Structure formats: C-alpha cells, structure tokens
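Chemist: Below: sequence and its predicted model.
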Amino acid sequence: MKDIKKLIINKYIWFLYVVATALAIVTIFYEWFIGIALTAVLIIIIILSLRAEDRLRRRTEQYVSTLSYRVKKVGEEALLEMPVGIILYSEDREIEWANPYLNDFIDKDQSIIGQSLSHVSETLLSMANSETDEEWIAIHDRKFHLIHKRDHRLIYLFDRTEQIEIEKKHHDEESVLAIIYLDNYDELTQAMDDTSKSQLNSQVTSLLNNWSKDHGIFLKRTSSDRFLAVMNQEILSQLEKTKFEVLDEVRELISDQNVSLTLSIGVGKNANSLPELGTLAQSSLDLALGRGGDQVAVKDESGKVKFFGGKTNPMEKRTRVRARVISHALRELVKASDQVLVMGHQMPDMDSVGSCIGILKLAQQNNKNGYVVFDPDGNNTGVNRLMDRINQDEELSRWFVTPEDSLEMLTKDTLVIVVDTHKPSMVMEEKLLNRTDHVVVIDHHRRAQEFIEDPTLVYMEPYASSTAELVTELLQYQDGPLKFNVLEASSLLSGIIVDTKSFALRTGSRTFDAASYLRSKGADTVFVQELLKEDIDVYIKRSELIKNAEIYKQGIAISRAEEGEPYSAVIIAQAADTLLTMTDVRAAFVVSERSDGKVGVSARSLGEVNVQVIMESMNGGGHLTNAATQLEDTTIDQVVEQLQGIIDEYLGEDENE
C-alpha cells in the first residue's frame, strides 16, 4: 500500500522535472556554461528516478498479484469450509455443485451432485419451480433458512437451529397470568351450613392445588371464589394440549354432590408487562363468563382469543335481583336522554323485532320518544308478515324509522339500545354506535371476541332463551302499569316462541314466566301461529336441502345445496332445525350459497355437540345448540371440506376426554 502511494507521488515529481528542464533551457540561452551543467545534473536525476520508479512498479505488481491470490484463496476456503450450504442446480433441477458442508451434512458417504433437488428436500424442488425467494425447511432435525437466487440457479442454506431454539426457549419462559373463577359459588353456598361449605371449599381447593403442582403452576386463592395462577408459556401449551381437563375434573367432582359448580378461567399472555398481563387475564375472564362460563379464554396482546371447554349448556343462574337492578339502571338512562333509538341485527328475525318493540314500550313508559331503526328490505316471510300488521297500526308504525333517517335524528343526548346482538358489524346501522357515547347492549347470545366498544350498560344473559324474554323481564320492573295492545304483546311472544322452537329448546322456568306475563297482557297465540306460517314454495325449497343430507359421523348430519342455487338464511336455518328432529341425528349442518353471494352454514344440535365451538372455528358464532357462519370467496365444496375437518378435530377431542 505504501508503494502505491509512492507511485502516485512520483507523478507529481515528473511534473517538477518538466518545469526544471524548461528552466535549464532558459538558463542555457543566457548562461550556456551553467545551463549545460544544470542539464547534466537533471539528466542524472531523471535516470535515477526512472530506475527507482521501475523498482517501485515491480514491487507494486508483486503486491497486487499476492493480494489477488490471497483474496481468491480466502474465497475458495470460505466457499468450501464456511457453515453455509450452497447448491448450484441445472435447468433440469439436478444438483450441479454443492459445497462440502452441505454434502457432508446430508450424506457423507455419497455425493449429492447429479441428484435431483428433491433428494435433499421436496421443498427445494418446489422452490426452484416457483417464484419463492425465501423458505424454511428441516433436514435431520436441523432448521434451515433458504435464500433462492433464481437468476443464477443458486440456493443458500443457513442453519438457524440454535437461533430457533433460543427463540423457543425465550417464548416458553414468557410469563402467563390466569384468573380462575368459581362459577355460581355465592349462589350455591348461600343455602349451605358451615360444614357443607367447608367441605366444598376443601374439595375444590385440593383439586386445584393438585392440578397446579402437577403442572408446575403457582396458585394463590385471592377470595372465596377466585384464584390467581402464574405459569409460563410452556406450561400453558401443555394445558392447551389437554384442553384444560381441570374443567371436567371440577365438574365431575361437584356433580357427585348434586351441585352445579364449574370453573371459568381467563388467561393473559404475550404482553410486555405484568399490568398488561393482568388486564388481558381479566378481559379473558369477562369474555368466558359472558359466554356462559365453564370454559377457558386465552387472550394475547394482539387481541386474538382461543376458547376451551364450554361444552355444557349454561346453567340458569341469573337472578331476578339482577333483572330488577338492570331494569332500574336502564330506566334512569332513558330518563336522562332526550330520545331512544333501538335497533337489532341485520336480516332481523322475530326475536330482534319483538325485542325492539319491547324497548320502544319501555321508553314510552318513561315518557320518552322511542324509535325502532329498521331496514324494510331483505327480511324473511315471518318478519314481513309482522311488519305488514305493524304498518296497518298507525300508532305503532310511526315509531319505525330507516337507518338513514336515524342518523339525521341522532343527537348528543340520544340513547342507543342494541338488542339481540353485541357485534358492531351486525347491527342495523353501525354508524350510530360511532356517533354517540350512550349505548346499551341487551343480548342472549354468548359473548364473542367482537364486541361493541365501551357500552354504558350491558345486559347479556346466555342462559335466557331469547332477547325477548330478557326485555319482557325488564318491562315487569318498570314503574307503573304497562299497557300493551295485542300486536305489541304478540310480537314479544313470537320472539320467544321462534327462538325456543315452540318451547322445545333452551327453555327454562323464567321463559314460561315471561310467556305467561305476555299472555296476561293480551298476546294472541293464534296470531303468533299466523305469523309463523310458511309458504308452500319455502317448504319445498327446505325439503330439497333436507333431501341432500347425509350422516357424516356419529349422528352428525351434513346437507349441502347445489352449486349456483342460493337459499335464504331463514330456509338454511329451518332445514337444520328439521334435520335435528330426525332419528339418530344429534347435530345438523346445512351449507348453501346465500343471495348475497356468501356461503352460509347453519348449525343445530341437541346439546351433546357444541356447534358454537365448531362455528367459531369458521369465524362464526352463536349458542351451544344454535350457531351459524357466513364465508366469502369460497365454494360449497371447500366449506364442506373445512367443516368436516373441524368436526373430525372436535370428535377426536371428545374421544380423548
């Protein structure tokens, strides 16, 4: 490097020689003797400089030659000895060259040159045939990150096994927080004497302590009905593999004592701090309890939730005290507002419309104007019949407004009440939720991950048969006598009858109490039956779906419609209900195209099969015995194949328990 610098400096010296020569020539012109002497000296200096420059040039060439050789040598050694696999392949996808590291790693006794890329891994072959630039593969228990240089038919394989193991170890050791809640504990122990209560506490505590010791969990009881559990991600993964079998153990233990005590567990994971873990755990517990209890909700920082358990019908554990408290709180909210807007879900059913009319009566009872937000398009036959009767009633029909009109009516003091759904994407007009701070949710469905943000009041009871039943109970605790006409009372009763399949499913003692109250207020059962009558054409279309049904496995019937023949959501649901009445059918799924272009799945069961869990795996939801989903950009065959895979997984899970 120094020689190169000298070579560069010499260029400037030659410039000085040229200047000196010019001066010598000028000197000869004036003083020839001195000029000749200077010229002789200059010639000698030039000769010596030429020799020096020649020696410098030879040293520089030798240096460059040596450096080039060293660089080439280092490249060869790196190519042959560095711990990175390198493959050059031909257009026929055969290995033309591989460095010794890869050859020794895959097959020390036999060269892989000339072999197909599939000899190393099928992933290599598919990668060479595709536009993929990066991929991961496993070879001999090692994990490799592949980089594909398509233009050069070159593949690099970087061993990332240690990195993955470190990442996995870090992930496995992340803290996880869980809150365990004893469902119905206070209600059960109220009637117990001290001995029975102590025995119950001892049994449950002993079971949970043994469970925590077996899995390496720190468990601390924080109150009579709550426990705090601390674990890591690895332990949580083990619990997920066992589907949190502690739920079944507690349920079976308590069943021996003829009391209905179950567990609900909220789990928080993947948070950056312990306070965030605690918030996630409490949010998960609220979600599990909102879905009926007896289940586990696992939530991470991104908001993604996984559910386990929830296979039993939720017990009817709501009390009339809670209904009265909610009714009084709702009355105060109504009185503090200037008006009430009530809406159900899109494609409303009898329960949704009947509940809206019930809330309308509640607002009028408190001297406030109430309006039902209703879209007259796209309704089923029963709702259309009901709306025809409502439109004939001038006093009632004037309180029904379209979604567009409701947005113009909305003020800062308007109370918006949502019934029969809690998902913002399903309400009649979602914009209403975003333009007010006063929202009430009344629903009987199990709580889903999607939920209306920051509602003022929530009354969710998955143990109720219908939202109409909940609204009827709230009406009973309002001040002063309520006046119903036949149409209003019958609308509420029709919601209960439809959702219970004429009091056959999800019916408790409170359901009959609500129906009895409505009957006393003038509800006409004959009128309800008139609303529920169906057209012959609808009956025939439903029969076509039932005709296509086949028993898939263990009493599970699946019916698929013909491609290109859409059915309404109501007909799909009715077909599933009808299949459930068939001999040896314990669950029914009906898959069909809908008029909106989506593929709908309606699921029903008698309680042995949790169709809610199955539908949630397909981005749907509902109840244990009544659920559905709608899928976009897919076909009936693809949906059926996906459904069968989920059913297989569900049945396999049951068989292992």
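Modeler: Thanks, I have it.
Chemist: roughly how far apart are residue 419 and residue 425?
Modeler: For residue 419, the distance to residue 425 (C-beta to C-beta, to the nearest Å) stands at 16 Å. The C-beta positions use only the backbone N, C-alpha and C, and glycine is treated the same way.
Chemist: Which residue comes closest to residue 439 once chain neighbours are left out?
Modeler: residue 455 (4.6 Å; C-beta to C-beta, 6 or more residues apart in numbering).
Chemist: how about the one you found, what does it touch?
Modeler: Shown in contact with residue 455 (C-beta atoms under 8 Å, 6 or more residues apart in numbering): 439, 440, 441.
Chemist: go on, residue 267?
Modeler: 176, 177, 178, 236, 280, 281, 284, 296, 297, 298, 299.
Chemist: hmm, 10 Å instead?
Modeler: 176-180, 229, 231, 236, 239-240, 244, 277, 280-281, 284-285, 288, 296-300, 305-306, 308 (C-beta atoms under 10 Å, 6 or more residues apart in numbering).
Chemist: Show me how the chain divides into domains.
Modeler: The chain breaks down into these domains under automatic domain parsing: 2-80, 84-164, 187-309, 320-532, 537-655.
Chemist: did I read that right, residue 545 in a strand?
Modeler: No - secondary structure of residue 545 (DSSP: H, G, I helix; E, B strand; the rest coil): helix, not part of a strand.
Chemist: Is it correct that it is in contact with residue 570?
Modeler: No - Residue 545 lies out of contact with residue 570 (C-beta atoms under 10 Å); the separation is 11.8 Å.
Chemist: So for these two, which sits in the more crowded spot?
Modeler: residue 545 (25 against 19; other C-beta atoms under 10 Å).
Chemist: Need the pLDDT of the more buried one.
Modeler: What the model reports for residue 545 is a pLDDT of 91.
Chemist: Report how many residues lie close to the closest residue in space to it that isn't next to it in sequence.
Modeler: Spatial nearest neighbour of residue 545, excluding adjacent residues (C-beta to C-beta, 6+ apart): residue 575 at 4.0 Å. Residue 575 has 27 neighbours, counted by other C-beta under 10 Å.
Chemist: And residue 578, by the same measure?
Modeler: Neighbour number of residue 578 under other C-beta under 10 Å is 20.
Chemist: how near is the nearest residue to it once chain neighbours are set aside to residue 331?
Modeler: Excluding the flanking residues, the one nearest residue 578 by C-beta to C-beta, 6+ apart is residue 546, at 5.7 Å. Note on residue 546: its distance to residue 331, by C-beta to C-beta, is 46 Å.
Chemist: and residue 157, what element?
Modeler: strand 154-159 (DSSP states H and E).
Chemist: Within the sheet, what are the partner strands of that strand, with directions?
Modeler: Its sheet considered, strand 154-159 pairs with strand 84-89 (antiparallel), strand 142-149 (antiparallel) by DSSP bridges.
Chemist: Now do it: distance to the chain's middle.
Modeler: 34 Å (C-alpha atoms, centre = their mean, to the nearest Å).
Chemist: can you check stretch 485-493 too?
Modeler: Distance, centroid of stretch 485-493 to centroid of chain: 39 Å (C-alpha atoms, centre = their mean).
Chemist: Over to stretch 403-415?
Modeler: 32 Å.
Chemist: Roughly how far does the closest residue in space to residue 139 that isn't next to it in sequence sit from residue 151?
Modeler: Leaving aside its chain neighbours, residue 139 sits nearest to residue 121 (6.3 Å; criterion: C-beta to C-beta, 6+ apart). With distances taken as C-beta to C-beta, residue 121 is found 22 Å from residue 151.
Chemist: more crowded one of these two?
Modeler: residue 121 (18 against 6).
Chemist: ok, now which ones touch the more buried one?
Modeler: 106, 127, 135, 137, 138, 139, 144, 146, 157.
Chemist: What are the buried residues along stretch 519-533?
Modeler: Within stretch 519-533, the residues that count as buried by 16 or more other C-beta atoms under 10 Å are 521, 523, 524, 527, 528, 531, 532.
Chemist: so which of the residues you listed would you say is closest to residue 557?
Modeler: residue 532 (23.8 Å; C-beta to C-beta).
Chemist: Next, the closest residue to the closest one other than its chain neighbours: phi, psi?
Modeler: Closest residue to residue 532 apart from its sequence neighbours, by C-beta to C-beta, 6+ apart: residue 382 at 5.7 Å. The phi/psi pair for residue 382 (degrees, to the nearest 10) reads phi -60, psi -40.
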